[in-house]
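**Student:** Compute the structure for the input listed below.
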Amino acid sequence: MRRSLLLTSVAVLTLFSGSARAETLGAAVETALNEHPTVQAAMAERDLAKEQEREKYSDYFPQLNANAAAGRVYGDNSTSRGLTFDRGAGYSNTGEGSVSMHEMIFDGMQTVNHVAAARERISSANDNIIDVRENLALRAVLAYLDVLRSRESVAMIRDHNKKIADYRTRIEKMVEDGGADLSMAVQAHDIQNQLDSTLADVEGQLDKSMAEYNEVMGHPVSDPMVRPVLAADVLPKDAEQAVQMARDTHPALRGAQAQGVAAEHDISAEKGTLYPSLTGEMSFYKKDVADLIGGEVTDARALLRMNWDFSTGGAQLAKIHQARERKVQTEAQVADLTGRIEREIRKAYAELNAAKTRLKVSTDRTAISKDLVATYEKQFEAAKVTLLNLLQAENTDFNARLGLLNADYRHEAAQYTVLANTGHLQDALHIEPVHKTAERLAPKVKTTPVAGVEPALVSAPVPEKIPVIQPDISPDASKTVRP
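**Tutor:** You can find the predicted model right below:
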């Protein structure tokens, strides 16, 4: 009975453990993109821009004002002096109230341009969310791959350590029996010491990788993990094509261009202060006091009011010049950002090409070392080489395989880094393309072109939560550029 119960418990535990879902790279990245504080901060910045646009848009609507007062007053005027005989003054309870409405009719196109600038800043904030997510996606991919790489490396080293320990035991036995020189045992021991040192280094790297994973993903590593596969045709064919892609669609660049368009609208808005403003006004006022102080007063008005302010000290012109300088500054930032993005893309391709070469060399070296081990095994059986020679061949083969593992992961990381620097990593991971989502949710709006800057499209708000899919890593992969 007890044995039957034990077997049932084991079966249930096996069933549940077997059904545990692996945390794919896509799922891990999705969690990071939707919950990381940097994304939340970028979304808050976008929401702030939306409220600022709402504030500017409210200037299109009339403003209402109402007030009332009640109390007691003392009056000494021509009316009170004409109606009293003792001291020429009087007291009275009083009540008064007014209501008015003001409607902007013309303000030199200031409101139009303020609203347009605010909308461009919403577009810029949307693009900033995409860029923040793109950078975070790369960090998440690299962290995920680095954990996988470190774990595989640790497992390989531990397995090889067992093999080395077996060789050491055999060599030490040969030394005891007089069939080998003591120097062979010393060299075998040195090989194992080097392996132990490598294991300590890699275990330290694994701890660091898991700490990075925890910070980026927002939770500790969840097992099992699945190594992702990146489609072969997802990368641009060369650096030139990647640079052109970035020029056309990179979120950081689009956001900077939108800021340039907003600066152009700011200039137009400041120029509007040089024109007279025209306002419609309707008001009603009523006051009630004793007749000896003034009696009832009713005042109803419907006016068209013009106001023309001009600073004789040049304040308005100074603000126009300030807006122009901000536009020049923005254009310079766009140019600088474009150059930095191109530089990072070319650096990423240089790393990718180097990674390809390292991967090929490591693959060839692994094949050679494998053949060498097979040859040494035959020669050892024929007593042509020593056990130490065979151990050294096995160690060379292990180093080649470990190098191949690192080269393979580094090559994958370089590919993801290229995609991140072009602004298309989320697309490659099959995460909902945020910039396409934004364009789909909002109509494309023509914007005023900025000198030297290609016009950007005004995008709708970015969805609060966006779906996702799969990724990869490298230790010294570059991160994407942000303005």
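**Student:** Could I get the full set of strands for the protein?
**Tutor:** 63-75, 90-106, 277-288, 296-307 (DSSP state E).
**Student:** Give me the pLDDT for Leu13.
**Tutor:** Leu13 is assigned 34 on the pLDDT scale.
**Student:** neighbours around Gln379, how many?
**Tutor:** 15 (other Cβ atoms under 10 Å). Every residue, glycine included, has its C-beta placed from N, CA and C.
**Student:** And for Arg254?
**Tutor:** Counted with other Cβ under 10 Å, Arg254 comes out at 24.
**Student:** Make CSV out of the strands of the chain and add distance to Thr363.
**Tutor:** Shown next, in CSV, are the strands of the chain (distance: least, Cβ to Cβ, whole Å):
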stretch, distance to Thr363
strand 63-75, 74
strand 90-106, 72
strand 277-288, 75
strand 296-307, 79
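**Student:** Quick one: closest of the ones you listed to His114.
**Tutor:** strand 90-106 (11.7 Å; Cβ to Cβ).
**Student:** For that closest one, which helices and strands make contact with it?
**Tutor:** strand 63-75, strand 277-288 (3 or more Cβ pairs under 8 Å, 6 or more residues apart in numbering; DSSP states H and E).
**Student:** what about 10 Å?
**Tutor:** strand 63-75, helix 78-83, strand 277-288, strand 296-307 (3 or more Cβ pairs under 10 Å, 6 or more residues apart in numbering; DSSP states H and E).
**Student:** and those, which is most packed in?
**Tutor:** strand 277-288 (a mean of 15; mean count of other Cβ atoms under 10 Å).
**Student:** and the angle for that one with strand 90-106?
**Tutor:** In terms of direction (axes from the mean of the first three to the mean of the last three Cα atoms, to 10 degrees), strand 277-288 departs from strand 90-106 by 160 degrees.
**Student:** List every C-alpha atom in strand 277-288, with coordinates, as PDB.
**Tutor:** C-alpha atoms of strand 277-288 as PDB (Å, rounded to 0.1, in the frame of the first residue of the first chain):
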ATOM      1  CA  SER A 277      -5.600  89.300 -31.100                       C
ATOM      2  CA  LEU A 278      -9.400  89.300 -31.600                       C
ATOM      3  CA  THR A 279     -11.700  88.000 -28.900                       C
ATOM      4  CA  GLY A 280     -15.500  87.700 -28.600                       C
ATOM      5  CA  GLU A 281     -16.900  88.600 -25.200                       C
ATOM      6  CA  MET A 282     -20.300  88.200 -23.600                       C
ATOM      7  CA  SER A 283     -21.000  89.200 -20.000                       C
ATOM      8  CA  PHE A 284     -23.800  89.900 -17.500                       C
ATOM      9  CA  TYR A 285     -23.500  91.800 -14.300                       C
ATOM     10  CA  LYS A 286     -26.100  92.600 -11.600                       C
ATOM     11  CA  LYS A 287     -25.700  94.500  -8.300                       C
ATOM     12  CA  ASP A 288     -28.400  95.300  -5.700                       C
END
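**Student:** Could you list the low-confidence segments of the stretch 1-150 of the chain?
**Tutor:** Applying pLDDT under 70 to the stretch 1-150 of the chain picks out residues 1-22, 77-88.
**Student:** Where do the helices of it begin and end?
**Tutor:** Listed in chain order, the helices of the stretch 1-150 of the chain (DSSP state H, counting those that start in this stretch) span 2-18, 25-35, 37-57, 78-83, 110-176.
**Student:** rewinding a little: make JSON lines out of the helices and strands packed on strand 90-106 and add distance to Glu45.
**Tutor:** Listed next are these as JSON lines, based on distance: least, Cβ to Cβ, whole Å:
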{"stretch": "strand 63-75", "distance to Glu45": "29"}
{"stretch": "helix 78-83", "distance to Glu45": "61"}
{"stretch": "strand 277-288", "distance to Glu45": "32"}
{"stretch": "strand 296-307", "distance to Glu45": "35"}
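**Student:** what's the closest of the ones you listed to Thr375?
**Tutor:** strand 63-75 (92.0 Å).
**Student:** The closest one: partners in the sheet, and parallel or antiparallel?
**Tutor:** Take DSSP bridges as the rule and strand 63-75 pairs in its sheet with strand 90-106 (antiparallel).
**Student:** Mind listing residues that contact stretch 164-174?
**Tutor:** 157, 179-182, 184-189, 191-192, 194-196, 386-388, 390-392, 394-395, 398 (Cβ atoms under 10 Å, 6 or more residues apart in numbering).
**Student:** thinking again about what came up before, would a markdown table of the helices of the stretch 1-150 of the chain with distance to Ala355 be doable?
**Tutor:** Shown next, in a markdown table, are the helices of the stretch 1-150 of the chain (distance: least, Cβ to Cβ, whole Å):
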| stretch | distance to Ala355 |
| --- | --- |
| helix 2-18 | 36 |
| helix 25-35 | 19 |
| helix 37-57 | 28 |
| helix 78-83 | 96 |
| helix 110-176 | 13 |
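**Student:** Chain neighbours aside, what residue packs nearest to the most centrally placed residue in the chain?
**Tutor:** Computing the C-alpha centroid of the chain and ranking residues by Cα atoms, centre = their mean puts Val132 first, at 1.2 Å. Nearest residue to Val132 in three dimensions, chain neighbours excluded: Ala42, at 4.3 Å (Cβ to Cβ, 6 or more residues apart in numbering).
**Student:** my read: the one you found touches Ala252, true?
**Tutor:** No - checked against Cβ atoms under 10 Å, the pair Ala42 and Ala252 is beyond contact range at 11.8 Å.
**Student:** intersection of neighbour lists for those two?
**Tutor:** Contacts common to Ala42 and Ala252, judged by Cβ under 10 Å, 6+ apart, are Asp127, Asn128, Ile130, Asp131, Val132.
**Student:** Can you add distance to Phe284 and give these back as JSON lines?
**Tutor:** Below are these laid out as JSON lines (distance: Cβ to Cβ, whole Å):
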{"residue": "Asp127", "distance to Phe284": "49"}
{"residue": "Asn128", "distance to Phe284": "48"}
{"residue": "Ile130", "distance to Phe284": "52"}
{"residue": "Asp131", "distance to Phe284": "53"}
{"residue": "Val132", "distance to Phe284": "52"}
